[in-house]
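> Got a predicted structure here, sequence first:
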Amino acid sequence: MAALLVVLYIMQRKHISFTKRVFTGLGLGIAFGALLQWLHGVDSNVVTVLNDWFNIAGSGYVKLLQMIVMPLIIVSIISAIIHVKSKAGVGKMSASIIGVLIGTTAIAAAIGIFTSLAFDLSAVDIEAGQREVERGAYLDNKVGEVRDFTLPQQILEFIPSNPFADMTGERRTSTIAVVIFAAFVGVAALGVARKKPQHGEMFKSIIDSLHAVVMRMVTIVLRLTPYGVLAIMTRVVSTTAPAEIWKLGKFVLASYVALILMFIVHLVMLAISGISPLKYLQRSMPALVFAFTSRTSAGSIPINVETQVARLGVPESFANFSATFGASMGQNGCAGIYPAMLAVMIAPTVGINPFDIGFILQLIAIVAISSFGVAGVGGGATFAALIVLSSMNMPVALAGLLISVEPLIDMGRTALNVNGSMTAGVLSSRWLGQWDKKKFLRNEQSATEA
């Protein structure tokens, strides 16, 4: 591992592009993880101890990203509001981004439903072992937290009663609560700037300084991405048993077919709006690779914002709003495809015909509405599934049958979540006339490559 980290460092010193270094880290991690599993086995104590050490680079990198998420959200949202130059204003920008996120989640739910039907997935066909039974019991206990939540109560959960507690990520809706708090501060600052220009200018100067410092922190941390990807992929591959994947191979295959179809929908939307899908993929790939390996939408916010601004030609205001909103609502993978597929699989066990058009329309509507406030960290998909299944009066314990392949599927789901938020930022800025096409097309190095 030390030797592989040195290889990545030498590549950085030789100014090899950031994208190539990330993919090198990904490939080396897969190969090294496979080697460890072949030599020692999945359950070996050697693999456990080694991954414990490798986590210093892997989990340590993710923790550094999580460390700067809340400061980045607060400073960036305030900065975006006090510097907004768009005639559309904050209202139209937010409405456009949220509209894309929720609209694409509804499409993702439909894709998840029809993919499950096409592959004839059913929870009846899956055998439950000890781990699956324990997971099912845990979900049965967990569902009590969400079953009695009405839609008005869920909306109230977004409003921060203690923003400082939300800055610690105390609640599942903490991210969006911090966004709302920062937006209030930004709007208040605009009011102060109109009535007391001298105070407004002073506050703006302070925010500009803080924003510069936070973005420098983001750049420093993002330079560690190839090293983090190497360690994370080594852990994932060395601890994933092929037998477990094979047992649920049909569900894994169906999940990735649905995820790929939704990626294609994103690219089609970009193409219709006059944006090159191939160029978009080329420019956004480092962020997608990180999201895939780390499995955290919230932790991907810094690289999401940097990618949109430096590589995709999105203004900072749009990038900050889409990245933060996209980590808390409208997650196409975790809150769209996954709960929809589970509902279709479980429906036959409770006497519901999954082909019934009324069931399908009701499921799509519930998935879209419940996608608000889904946590953008590990477990967000489970929480979304609990909300959807309990709303449809379905047993949630059957969702525990998929625990053995959950990490493998979650990688693709997270990448789709992040791609959805970047697509929302690009499309909204394009539609509202703020997209920088020249920056999108030119082949300059981004801040992470410098």
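Good, I have the coordinates.
> where along the stretch 301-450 of the chain do the strands fall?
Ranges of strands within the stretch 301-450 of the chain: none, based on DSSP state E, counting those that start in this stretch.
> Find me the pLDDT at Ala110, would you?
Note on Ala110: pLDDT of 95.
> Okay, the spatially most central residue of the chain and Glu306: tell me how far apart.
Nearest residue to the geometric centre of the chain (Cα atoms, centre = their mean): Ser297, 2.6 Å. Going from Ser297 to Glu306 by Cβ to Cβ, to the nearest Å gives 15 Å. Any C-beta I mention is one placed from the backbone N, CA and C, and that applies to glycine too.
> Also Ala95?
Applying Cβ to Cβ to Ala95 and Glu306 gives a distance of 25 Å.
> Also Ile337?
26 Å.
> cool, and Val388?
On the measure of Cβ to Cβ, Val388 and Glu306 end up 33 Å apart.
> ok, the two, which is more surrounded?
Higher neighbour count among Val388 and Glu306: Val388, with 26 against 22, using other Cβ atoms under 10 Å.
> can you pull the contacts of the nearest residue in space to that one that is not next to it in sequence?
Distances taken as Cβ to Cβ, 6 or more residues apart in numbering put Pro339 closest to Val388, at 3.9 Å, once the chain neighbours are dropped. Residues near Pro339 by Cβ atoms under 8 Å, 6 or more residues apart in numbering: Ala109, Gly112, Val367, Ser370, Ala381, Ala384, Ala385, Ile387, Val388, Leu389.
> and Arg283, what element?
Using DSSP states H and E, Arg283 maps to helix 277-294.
> list the buried ones in that helix?
Across helix 277-294, burial judged by 16 or more other Cβ atoms under 10 Å covers 280, 283-294.
> Redo those as TSV? Include distance to Tyr61 and pLDDT.
Listed next are the buried residues of helix 277-294 as TSV, based on distance: Cβ to Cβ, whole Å; pLDDT from 0 to 100:
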residue	distance to Tyr61	pLDDT
Tyr280	25	95
Arg283	22	91
Ser284	20	92
Met285	18	90
Pro286	14	88
Ala287	14	90
Leu288	17	93
Val289	13	89
Phe290	9	87
Ala291	13	89
Phe292	14	90
Thr293	10	85
Ser294	8	82
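> ok, so of those, who is nearest Met217?
Phe290 (16.6 Å; Cβ to Cβ).
> quick one: that closest one and Arg21 touch, right?
No - if you go by Cβ atoms under 8 Å, Phe290 and Arg21 don't touch, sitting 11.9 Å apart.
> Please enumerate the shared neighbours of the two.
Thr225.
> what about the residue nearest to Lys20 when sequence neighbours are not counted, helix or strand, and which?
Nearest non-adjacent residue to Lys20, counting by Cβ to Cβ, 6+ apart: Met11, 7.4 Å away. Assessed by DSSP H and E, Met11 sits inside helix 2-13.
> Please spell out which residues along that helix are buried.
Leu4, Leu5, Val7, Leu8, Met11, Gln12.
> just stretch 94-111 next, same as before
Result for stretch 94-111 [16+ other Cβ under 10 Å]: buried residues 94, 96-98, 100-102, 104-111.
> and of the residues you listed, the nearest to Met345?
Once Cβ to Cβ is applied, the member of those that ends up nearest Met345 is Ala109, at 13.9 Å.
> The closest one contacts Gly336, doesn't it?
Yes - between Ala109 and Gly336 there is a contact under Cβ under 8 Å: 5.0 Å.
> hey, what's in contact with both of these two?
Shared contacts of Ala109 and Gly336, counting by Cβ under 8 Å, 6+ apart, come down to Val367.
> re earlier: make CSV from the buried residues of helix 2-13 and add distance to Gly274 and pLDDT to it.
Putting those into CSV (distance: Cβ to Cβ, whole Å; pLDDT from 0 to 100) gives the following:
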residue, distance to Gly274, pLDDT
Leu4, 41, 95
Leu5, 42, 94
Val7, 40, 94
Leu8, 37, 94
Met11, 35, 93
Gln12, 35, 91
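> Could you dump those into JSON lines with distance to Ala189 added?
Output for the buried residues of helix 2-13, formatted as JSON lines (distance: Cβ to Cβ, whole Å):
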{"residue": "Leu4", "distance to Ala189": "47"}
{"residue": "Leu5", "distance to Ala189": "43"}
{"residue": "Val7", "distance to Ala189": "47"}
{"residue": "Leu8", "distance to Ala189": "42"}
{"residue": "Met11", "distance to Ala189": "43"}
{"residue": "Gln12", "distance to Ala189": "39"}
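> Spit out the contact partners of Gly336.
Thr104, Thr105, Ala106, Ile107, Ala108, Ala109, Gly112, Met262, Gly330, Val367, Ser371 are the contacts of Gly336 under Cβ under 8 Å, 6+ apart.
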